[in-house]
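>>> sequence first, then the predicted structure, then my questions.
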Amino acid sequence: MPTDTKTITETTGIDRSLLIEGLGKGLRMIEAFSDDWPRMTATEAGQRTGLTRTAARRYLVSLVHYGYAETDGKHYWLTPGVLRLGQSYLEAARLPRLVQPFLQRLSLQTGETANLSVLDGHEVVYLVRSNSPRIVSIGFHVGARLPAHVVSPGPAVLSTFTAAALDDWLERHHFVRFAPTTMTDPAQFRAAVTLAAQRGYGWAQQYVDPGLCGLAVPLSDRKGRCVGALSMTFQAQNYPEDTCLARLLPPLQDTASTLRAIL
């Protein structure tokens, strides 16, 4: 879903007079493409972004010119060139590079796939993944984005929010259902976040795929600011909750504690 520019400027305190609106609209155009909208006409793109058809077409043609999109003359679609934007972040950001070796050690220690993810608005984005030693590993690939209410890093990170910030987040969030067991009631999810704050970890019980569970702990820097979450996704049949907390939670917490000293 396209990013809410107003929300960003309000939370960062940026003077709107300094913004280049055209850049924001171009980025919003890229974000308008999705699984449901992989190909769009200029009219459809305008409706998705709140632009006129003429303005939308200019942005789409510009994306084609710069290698971020292609067209058959009527429809437009993104090219792999868009991935350069995300790759630039992964190459420039300090956090993924620092965390990677610790995740590898965590995977070897537990035999499970470990992840680093961050909260981007209302979605959890997976930045780093260390596969389990098994031939077949499960979990989410680097770059995957999921609504925060369906994966364990969501309540883990949100548990560090102030009450006012959590209220605002809940008011804006769309509780989409992925599976019969997906938690879609805001009050119920608030209770899960409160419980995560008390316990120090987030838990997801088959909210995305039947049979899959997730465990996550918030990752903080030396100043105590939450910068993301460390998590694992695993088969529910292999790890009943008591077994999971006994075998996986301690190494997750130890890794987060070690990283806090160097972040």
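That came in fine, so what should we check first?
>>> excluding chain neighbours, what is closest to A42?
Setting aside the residues directly before and after it, A42 is nearest to R57 in space (C-beta to C-beta, 6 or more residues apart in numbering), at 3.8 Å. Placement of C-beta: from N, CA and C, glycine included.
>>> again, but for S130
For S130, ignoring the flanking residues on the chain, the nearest one in space by C-beta to C-beta, 6+ apart is L103 at 3.9 Å.
>>> isn't that neighbour up against L127?
No. Here L103 lies out of contact with L127, judged by C-beta atoms under 8 Å, at a distance of 10.2 Å.
>>> identify the contacts common to those two.
By C-beta atoms under 8 Å, 6 or more residues apart in numbering, L103 and L127 have these common neighbours: L116.
>>> picking that back up, now do the residue nearest to S130, the pLDDT please.
L103 carries a pLDDT value of 95.
>>> for the residue sitting furthest away from the middle of the chain, give me the pLDDT.
Computed with C-alpha atoms, centre = their mean, the residue of the chain farthest from its C-alpha average is G73, at 33.6 Å. pLDDT for G73: 94.
>>> pop the domain breakdown of the protein in here.
In the assignment given by automatic domain parsing, the structural domains of the chain cover 5-82, 93-260.
>>> quickly compare those domains and say which is most buried.
Of all the domains of the chain, domain 93-260 has the most neighbours on average by mean count of other C-beta atoms under 10 Å, namely a mean of 18.
>>> need the distance between the two termini of that one.
Using C-alpha to C-alpha, to the nearest Å, the end-to-end distance of domain 93-260 comes out at 17 Å.
>>> tell me where this structure has strands.
Using DSSP state E, the strands assigned to the chain run over residues 69-71, 76-78, 114-120, 123-130, 145-147, 202-205, 212-220, 226-235.
>>> in JSON lines, list those along with distance to W169.
Shown next, in JSON lines, are these (distance: least, C-beta to C-beta, whole Å):
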{"stretch": "strand 69-71", "distance to W169": "32"}
{"stretch": "strand 76-78", "distance to W169": "29"}
{"stretch": "strand 114-120", "distance to W169": "9"}
{"stretch": "strand 123-130", "distance to W169": "12"}
{"stretch": "strand 145-147", "distance to W169": "12"}
{"stretch": "strand 202-205", "distance to W169": "14"}
{"stretch": "strand 212-220", "distance to W169": "15"}
{"stretch": "strand 226-235", "distance to W169": "13"}
